[in-house]
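Novice: sharing a sequence plus its predicted fold:
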Amino acid sequence: MSEQPKRGGRPVRHSAGMTIQEKHMNYMRGLSRVVGEACDKYFERKGMPKVLSWSAKAKQEREERNAKKRSRS
C-alpha cells in the first residue's frame, strides 16, 4: 500500500507556481474585466451613457472646477 501524503502544511502549487486561490483570483479578475468591457460595448451600442466609477467622477469634477477657476482669471 502506498503512503498517503500528509494533510495541511504548505498550499499545493500548480502550473506557473500559483496556488489554487491565486489562480481563482486571477480568473475572477479577468472575468470582471471581460464582463465590464462587454457591458461598455452594450451600453455604447444602445446609446446609453457610460457610468463612471467614483474615482473617474471625482477626477472629472476636479477638472471642471479647475477649468472654471481658469476661465474666471
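Specialist: That came through fine.
Novice: and the next element down the chain from the longest helix along the chain?
Specialist: Longest helix in the chain, counting residues (DSSP state H): helix 20-46. Using DSSP states H and E, the helix or strand that directly follows helix 20-46 along the chain is helix 54-72.
Novice: just to revisit the earlier point, tell me the mean pLDDT over the longest helix of the chain?
Specialist: In this model, helix 20-46 has a mean pLDDT of 91.
Novice: and it, what does it pack against?
Specialist: Helices and strands touching helix 20-46, as assessed by 3 or more C-beta pairs under 8 Å, 6 or more residues apart in numbering; DSSP states H and E, are absent. In this view, the C-beta of every residue, glycine as well, is placed from N, C-alpha and C.
Novice: in it, what's buried?
Specialist: Within helix 20-46, no residue counts as buried by 16 or more other C-beta atoms under 10 Å.
Novice: what's the answer for stretch 56-63, then?
Specialist: So stretch 56-63, judged by 16+ other C-beta under 10 Å, has zero buried residues.
Novice: ok, residues contacting it?
Specialist: Residues outside stretch 56-63 that contact it (C-beta atoms under 8 Å, 6 or more residues apart in numbering) are Leu52.
Novice: now that stretch: average pLDDT?
Specialist: Mean pLDDT, computed over stretch 56-63, is 92.
Novice: C-alpha coordinates for it, PDB please?
Specialist: The C-alpha coordinates for stretch 56-63 follow below in PDB (Å, rounded to 0.1, in the frame of the first residue of the first chain):
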ATOM      1  CA  ALA A  56     -13.400  58.900 -12.500                       C
ATOM      2  CA  LYS A  57     -16.300  61.100 -11.400                       C
ATOM      3  CA  ALA A  58     -14.100  62.800  -8.800                       C
ATOM      4  CA  LYS A  59     -11.400  63.400 -11.400                       C
ATOM      5  CA  GLN A  60     -13.900  64.800 -13.800                       C
ATOM      6  CA  GLU A  61     -15.400  67.100 -11.200                       C
ATOM      7  CA  ARG A  62     -11.900  68.400 -10.200                       C
ATOM      8  CA  GLU A  63     -11.100  69.100 -13.900                       C
END
